[in-house]
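Peer 1: Predicted model and sequence below, questions to follow.
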Amino acid sequence: MHYWLLKSEPSCFSIDDLANRPNKTAPWDGVRNYQVRNMLRDEMKKGDLGFFYHSSCTPPGIAGIVEIVKEGYPDNTAWSLDSDHYDPKSTPDNPRWYMVDVKLIEKFPRLITLDEIKHNPKLKNMLINRKGNRLSITPVTSEEWKAIIKM
DNA sequence: GCCAACGTTGGC
DNA sequence: GCCAACGTTGGC
């Protein structure tokens, strides 16, 4: 089993938005980056756990834990003209973009901030700490996972 | 609002 | 296949 970190701007989709969905479950849609697409399509498996990270907000940080409850399937927002993520190059016959379904497992009692993560020596190699890392989903090692849930 | 660090696009 | 220009992300 693998661990992941999933970024979302809370002004767009926050952990509370996920909590308010039926069954606390929602598709992680709208990814339009090939590296992340490959992870969604090929690597993220049912039962994997992920951190729900709030980005582009004050302060950024990890808000809770989600579980992958449905493995990669075509992202149908790509062929919805109404969607902000519409992409004419992706079609139902030949989908270019993929998504998974995530379910909220736990919202942390407090946000674990990026600042705290930066100052934890066990997490100095975490991808989220790397300058210029813009991938919206990144793998997390089990050591990093354990260190964070203790914080 | 700034800007570093990428990813993508498109001319050649 | 190279690479300059452009767009996007995201912390600050």
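Peer 2: Arrived safely, thanks for sending.
Peer 1: what's the single longest strand in chain A?
Peer 2: strand A:98-113 (DSSP state E).
Peer 1: Dump it to PDB, restricted to CA.
Peer 2: The C-alpha trace of strand A:98-113 is given here as PDB (Å, rounded to 0.1, in the frame of the first residue of the first chain):
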ATOM      1  CA  TYR A  98      -8.100  10.300 -15.100                       C
ATOM      2  CA  MET A  99      -9.400  10.600 -11.500                       C
ATOM      3  CA  VAL A 100      -9.900   8.600  -8.400                       C
ATOM      4  CA  ASP A 101     -12.500   8.700  -5.700                       C
ATOM      5  CA  VAL A 102     -11.400   9.700  -2.200                       C
ATOM      6  CA  LYS A 103     -13.200   9.400   1.100                       C
ATOM      7  CA  LEU A 104     -12.600  11.500   4.100                       C
ATOM      8  CA  ILE A 105     -11.200   9.300   6.900                       C
ATOM      9  CA  GLU A 106     -10.200  12.000   9.400                       C
ATOM     10  CA  LYS A 107     -10.100  15.700   9.700                       C
ATOM     11  CA  PHE A 108      -7.200  16.700  12.000                       C
ATOM     12  CA  PRO A 109      -8.200  18.600  15.100                       C
ATOM     13  CA  ARG A 110      -5.700  21.200  13.900                       C
ATOM     14  CA  LEU A 111      -3.900  22.000  10.700                       C
ATOM     15  CA  ILE A 112      -0.400  20.700  10.500                       C
ATOM     16  CA  THR A 113       1.200  23.700   8.800                       C
END
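Peer 1: Give the pairing partners of it; include direction for each.
Peer 2: Pairing partners of strand A:98-113, with direction, according to DSSP bridges: strand A:25-27 (antiparallel), strand A:61-74 (antiparallel).
Peer 1: Just put these in TSV and tack on distance to A:Thr138 and mean neighbour count.
Peer 2: C-beta coordinates here come from the backbone N, C-alpha and C atoms, glycine included. Formatted as TSV, those follow (distance: least, CB to CB, whole Å; neighbours: other CB atoms under 10 Å):
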stretch	distance to A:Thr138	mean neighbour count
strand A:25-27	19	17
strand A:61-74	12	20
